[in-house]
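**Student:** the amino acid sequence is not available; the structure is as follows:
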């Protein structure tokens, strides 16, 4: 029988990647002669891919990019970000301890992120987290990505788990829509990058800190009640 599986989103859920993303964005803006933007003005875009972040960054700096203009900036941003993917990024408070506690009870872990896999893997490796995951599926791994439910379903398959044993943890509307469409419970985190309270998207539970994850998993999933109770 497959073990219970917690699937984490990455940006704004498991990891606070904002400092490194913002540094790369502001470098691109500076090279283009644009003023820097602050974290709060583009925070929502941190979890929605490089193109979204670049477009919003330039808009906030006072320049609307056309489709033809944006791609060179996206490529430059990705190069900059890849070179400093884990300089100031950290796991959110309590995340590693929560995973340790769950692992002791036989729980497995996976990552389903819209961040490109070629960036997600070295990021997790540099933070000494990669070996904890049975699967890491990024935004470039498949032809689809969240909110498409197949992104999550393929992550479950790659982790050799079962849909009935899985729970998604995320901070965005895309995470919650994808999990609901995939037919698995979803826990929203209040400390992520959503511009509105994550409860707006109606997850099955909401946590304010990773210390609350253990109990929330039991609340939303019969499989976890059995495994952790």
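**Tutor:** Sure, I can see it. Note that the structure is predicted; figures quoted are calculated from it, not measured.

**Student:** wait, residue 2 sits on residue 162?
**Tutor:** Yes. Contact criterion CB atoms under 8 Å: residue 2 and residue 162 qualify, at 4.5 Å. From N, CA and C alone the C-beta is placed, and that goes for glycine too.

**Student:** which residues are in contact with both of these two?
**Tutor:** When contacts are counted by CB atoms under 8 Å, 6 or more residues apart in numbering, residue 2 and residue 162 have no shared neighbour.

**Student:** just for this structure, where's the confidence low?
**Tutor:** Scanning the chain with the threshold set as pLDDT under 70 gives 1.

**Student:** now the strands for it?
**Tutor:** 5-8, 15-16, 90-91, 108-112, 135-137, 166-170, 186-189, 205-207 (DSSP state E).

**Student:** residue farthest from the centroid of this structure?
**Tutor:** residue 33 (30.4 Å; CA atoms, centre = their mean).

**Student:** check which residues of the longest helix seen in the chain are buried.
**Tutor:** Longest helix in the chain, counting residues (DSSP state H): helix 67-83. For helix 67-83, the neighbour count (16 or more other CB atoms under 10 Å) marks 70, 73, 74, 76, 77, 78, 80, 81 as buried.

**Student:** ok, the third one touching residue 55?
**Tutor:** No. Using CB under 8 Å, residue 74 is not in contact with residue 55; the gap is 9.1 Å.

**Student:** so what's the residue count around residue 211?
**Tutor:** 14 (other CB atoms under 10 Å).

**Student:** how close does the residue lying closest to it once chain neighbours are set aside get to residue 174?
**Tutor:** Spatial nearest neighbour of residue 211, chain neighbours left out: residue 94 (4.9 Å); criterion: CB to CB, 6 or more residues apart in numbering. Plainly put, residue 94 is 23 Å away from residue 174 if you go by CB to CB, to the nearest Å.

**Student:** out of these two, which sits in the busier spot?
**Tutor:** residue 174 (19 against 16).

**Student:** contacting residues for that one?
**Tutor:** Shown in contact with residue 174 (CB under 8 Å, 6+ apart): 47, 48, 114, 146, 147.

**Student:** now the residues you listed as a markdown table including neighbour count and distance to residue 222?
**Tutor:** As requested, the contacts of residue 174 are arranged in a markdown table below (neighbours: other CB atoms under 10 Å; distance: CB to CB, whole Å):
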| residue | neighbour count | distance to residue 222 |
| --- | --- | --- |
| 47 | 29 | 29 |
| 48 | 21 | 32 |
| 114 | 24 | 29 |
| 146 | 29 | 24 |
| 147 | 19 | 25 |
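
**Student:** and of those residues, the nearest to residue 167?
**Tutor:** residue 146 (15.1 Å; CB to CB).

**Student:** doesn't residue 115 make contact with that closest one?
**Tutor:** No. Judged on CB under 8 Å, residue 146 makes no contact with residue 115 at a distance of 10.8 Å.

**Student:** residue 92 contacts residue 11, correct?
**Tutor:** No. With contacts defined as CB under 8 Å, residue 92 does not count as touching residue 11, sitting 10.9 Å away.

**Student:** who has more neighbours out of these two?
**Tutor:** residue 11 (26 against 18).

**Student:** residue 39: neighbour count?
**Tutor:** 13.

**Student:** ok, it - contacts?
**Tutor:** So residue 39 contacts 18, 19, 22 (CB under 8 Å, 6+ apart).

**Student:** kindly report the same for residue 58.
**Tutor:** 29, 32, 34, 64, 65, 73.

**Student:** now the second one: closest residue in space, sequence neighbours ignored.
**Tutor:** Just to be clear, that refers to residue 32. Using CB to CB, 6+ apart, the closest residue to residue 32 is residue 73 (7.1 Å).
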